[in-house]
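In: any chance you could fold what I've pasted below:
(chains A and B)
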Amino acid sequence: MITIEKRRCEVRNTRAATLATLPVALVVFVFAWGAAAGQAEPSNVDNETCLDCHEGYDASLARTGHTLSASARTGVACVSCHDGGEVHIDDPTVDNISNPSHLPAAQTELTCTECHVAHPGLRLIGHDPHAGLDMSCTSCHSVHAPAAGPSNAGTLMCANCHTAVAHQFQQRSNHPMMTGNLNCVSCHGFLGETEPQLGHGPAANCYSCHPDQSGPYLFEHEATSSFSPEGEGCVACHTPHGSVNDRLLVQQDDNLCRQCHGIPAGHLTAHEGGFRGIACVDCHSDFHGSYDNLYLLDPQLGTKFGRESDACFCHFYR
Amino acid sequence: MRSMFLTILALAVISAGNVFPVDYQGTVRAGYIYTDLEGNHAVNQGTFNLYDGLALSLNDFSANLRNGYRFKADLTNVTLHNRRLSLGVSKPGLLGASFNHSAYRRVFDFDGNHRTKRYLTDGRLWWQAHEWFRLYGDIAVNSVSGDIGQYFGGIDHGIFSPIDYSNTRYGLGLTYRRRRTTGTVEYRGSSYSDDATSRTASSPIPRYERLVVAGGLQNFRMALDERDDSLHAWTMWGGARLYLNDGYQFRYSFLFDRARRTGDLIETDNLVHALYAGRVWRGKGGVTVGYQRRINDDVFDERSGNNWYVSGWFKPVPALTLDAGHGRETLEIATGQTLTGRRDRNRAWVSAKYRYSVGWFRMKVTNRETEYEDIGSDAEYLRLAGDTWLDLPRYGQVSASYSYHAGEYENTTGRFEFTEHVVSGDLSTREYYGARAGLGGTYLRSGKDTDVESFSVRVSGSYTLANGAGLEVIYTSHNYDNFADPSAIYSEYYTDNVLQLNLTYRLD
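Out: Numbers count the residues shown, from 1 in each chain, chains lettered A, B, ... in the order given. This is a model prediction of the structure:
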């Protein structure tokens, strides 16, 4: 079994890393940009009055964060979510009491954000593409369910609509979502929790788990580091949901490289044509980026092909 | 990690049970996983993470104490190496803490002996210090160790190198909330180590209800001992999102990165500005336009690119949603030694989704094209896809999808084409007298210059008795064949049969 000690591994033993961090001033805001005006006064109908008729509903909440009046800091009551209680106790019909799960999405959102206003991005849901389907909090959360989390386990819940995407995870090469180690929101910030992407592009999602590929490099692979929203960065070569090719690649072998790169004539004639047919990445193995080689060549290229020296000096600019 | 989680859970529940009356629920699973694998173990990632053996799980467990505290746990396969563990404790409105741990592996050789293991561990804590103020913090560590196979010639040659690194991300914040007014101040950082490099980022992130500001600064320095030199990089990034009441939204972001080798002052610069603007007419439609300008300048090449982006969605009637978009990038290489000329990228998509009383149906067309005129390279991909989902309460649920993928590229050295057909579907019944069944499968055929066939079959069944006990059976099979096998050493043929048997008991 051949074992080639790649540069990155050799680096581990030979390079001492130092780190200098510039502290960035922490800006503190106590500014509030909200709409306190117009908030309805809370109803005075107490929980016991509701439970006289709606027997057992307190038990359905007892296992959730909405336990009635259980909070030490904030109180939760039936009327916190259901408007119209004072009228409803005199005329108990379904028409005069609100049920957030049956309201239009915009009104449901207003109800929930009475308390969950600090939920990151929650108020932004109206700007999310899902708003096009009039989805809101109760589309995913069942308040009276045993747990107030998503009404169906995260991945399965998304798969109910994103069927084709879920099926891509059945392909040969995929991220471990079907085994539950990752889920959709590991990469997709549904509620606007994508601040790291500001400036870094979609590749920021990849770097959090694959920091060894993120650089910075002195000699970059243009596709890797472009930060372009138009299909470049990591997804220029990898398709993250699933692929028929190994390592989530969009193409096999040299066909991947040749979408952007031609083959210089020298590759076909040098060394008596001895390297004709050898894959690009056999030599250009630092394809994510290099610290010292313009052509992203393997720093131990010579050794790889049986020479005594690490480098093939004709090809190196150092 | 497994033992720590189990010990904490056991102590918490036992001690809580002794002191306070406990109301609890959950499902215990005890079973065995049989795997029968044949062929190249490095081929099918869907089964990398399966281990033979006794599997114990405690799923969806929650316990509620009379004093308002709640424990939650979801511990899957605690006796195996593909475990997924999560624990949480909270008192609504006062405090909460949660821990998650996940382990999985990636196989790189024919026999499955060389692999990497990845661990994802995170913890979160919050405390409602005052009616108006909440403190919170979180930390996440992901680490990888083991042997990684080198991508040598695009196939598995049995060449491996060790890998060992960890990445830690953390944050601390304070949220102020009083009625509908809120503000958050948050500090985030990260550090990375493979014993060779480390980095950190400091990101002050004030966050409002309608304005999100983020940014960071990274100073990266790495000694190049064998060159008696060093690499030094500064990266600065930031941006803001602004959401206005009447549906308008704006986003701006920038990044500047300079990497420099100190010995000879060779340096590489990256500069990116991106601006997006959009408007949403809630429930009716939306449109987003964007522009990005980027410049990459290293010793040999100077490249500048302009990106344009437009997308929108529209609901002409409540049941129908139309979605379309187009993105274009033009890259100009002002001076170039390794690249030359002008490159154009185009991406476009159109989709329509129709919802009816028991489900929905969707069609989508996607096209991508890259043209690099100076090297005569052209690559084009077309994807046609349709998928549907049905929910029939009296019978069960059905989902199905089909996609056709065609690609071709051409340059001065040749031409390559491929087509793919992917059919997939799943069916699950509703519960009949305690019994439930599921059946599914995926078939892929790739042709023209490729010759690949792959399929998987999924069969499941469960039966639950009135006392909460039950039986689960899950059978899966995967098969992969590359008939144009590129390796004379290792075939990519792979097939497996996996059977999972579980006895279940519902705690309540």
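In: how distant is stretch B:368-376 from the center of its chain?
Out: 30 Å (CA atoms, centre = their mean, to the nearest Å).
In: pLDDT (mean, whole number) over it?
Out: Per-residue pLDDT values over stretch B:368-376 give a mean of 82.
In: any idea how far apart the tips of it sit?
Out: 17 Å (CA to CA, to the nearest Å).
In: near chain A, anything from that stretch?
Out: Yes - applying CB under 8 Å from any CB of the partner chain, one finds stretch B:368-376 touching chain A at B:368, B:370, B:372, B:375, B:376. C-beta: built from backbone N, CA, C; applies to glycine.
In: for chain A, what is the nearest residue in the stretch 1-150 of chain B?
Out: Going by CB to the nearest CB, chain A is nearest to residue B:93 of the stretch 1-150 of chain B, at 2.7 Å.
In: can you get me a residue count around that residue?
Out: For residue B:93, the neighbour count with other CB atoms under 10 Å in any protein chain shown is 22.
In: any weak-confidence spans in chain B?
Out: Chain B contains residues with pLDDT under 70 at B:1-21, B:151-158, B:179-182, B:193-209, B:214, B:225-226, B:336-339, B:412-413, B:486-490.
In: thought the residue of the stretch 1-150 of chain B closest to chain A was touching residue B:128?
Out: Yes - counting by CB atoms under 8 Å, residue B:128 is a contact partner of residue B:93 at 5.9 Å.
In: hang on, residue B:26 in a strand?
Out: Yes - under DSSP: H, G, I helix; E, B strand; the rest coil, residue B:26 sits within a strand.
In: you'd agree it is up against residue B:61?
Out: Yes - the pair residue B:26 and residue B:61 passes the contact test of CB under 8 Å, sitting 3.1 Å apart.
In: give the intersection of the neighbour lists for these two.
Out: Contact criterion CB atoms under 8 Å, 6 or more residues apart in numbering or on different chains; residues shared by residue B:26 and residue B:61: B:73, B:507.
In: which residue ranges of the stretch 151-300 of chain A form helices?
Out: Along the stretch 151-300 of chain A, the segments classed as helices by DSSP state H, counting those that start in this stretch run A:154-159, A:163-168, A:197-200, A:203-209, A:253-257, A:266-269, A:280-283.
In: lowest average pLDDT across the ones you listed?
Out: Minimum mean pLDDT among those: helix A:197-200, a mean of 52.
In: for the stretch 1-150 of chain B, just list every one of the strands.
Out: Secondary structure of the stretch 1-150 of chain B, counting by DSSP state E, counting those that start in this stretch: strands at B:22-39, B:53-65, B:70-76, B:84-91, B:95-107, B:115-128, B:133-149.
In: any idea which of these gets closest to residue B:431?
Out: strand B:22-39 (15.1 Å; CB to CB).
In: what is the orientation angle of the closest one with strand B:70-76?
Out: On the basis of axes from the mean of the first three to the mean of the last three CA atoms, to 10 degrees, strand B:22-39 is oriented at 20 degrees to strand B:70-76.
In: is strand B:22-39 anywhere near chain A?
Out: Yes - using CB under 8 Å from any CB, strand B:22-39 reaches chain A at B:23, B:25.
In: report the angle between that strand and strand B:53-65.
Out: 160 degrees.
In: now strand B:22-39: buried residues?
Out: Judged by neighbour count (16 or more other CB atoms under 10 Å in any protein chain shown), strand B:22-39 contains these buried residues: B:22, B:24, B:26, B:27, B:28, B:29, B:31, B:33, B:37, B:39.
In: quick revisit: tabulate the helices of the stretch 151-300 of chain A (a markdown table), appending distance to chain B and mean neighbour count.
Out: Output for those, formatted as a markdown table (distance: least, CB to the nearest CB, whole Å; neighbours: other CB atoms under 10 Å in any protein chain shown):
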| stretch | distance to chain B | mean neighbour count |
| --- | --- | --- |
| helix A:154-159 | 8 | 18 |
| helix A:163-168 | 4 | 22 |
| helix A:197-200 | 3 | 23 |
| helix A:203-209 | 6 | 19 |
| helix A:253-257 | 4 | 20 |
| helix A:266-269 | 9 | 12 |
| helix A:280-283 | 5 | 20 |
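In: those helices: which one's closest to residue B:395?
Out: Taking CB to CB, helix A:163-168 is the member of the helices of the stretch 151-300 of chain A nearest to residue B:395, at 18.0 Å.
In: which strands and helices sit next to that closest one?
Out: Applying 3 or more CB pairs under 8 Å, 6 or more residues apart in numbering or on different chains; DSSP states H and E, one finds that helix A:163-168 contacts helix A:154-159, strand B:377-392, strand B:396-411, strand B:414-429.
In: can you count the residues close to residue A:56?
Out: As a burial measure, residue A:56 scores 7 neighbours (other CB under 10 Å).
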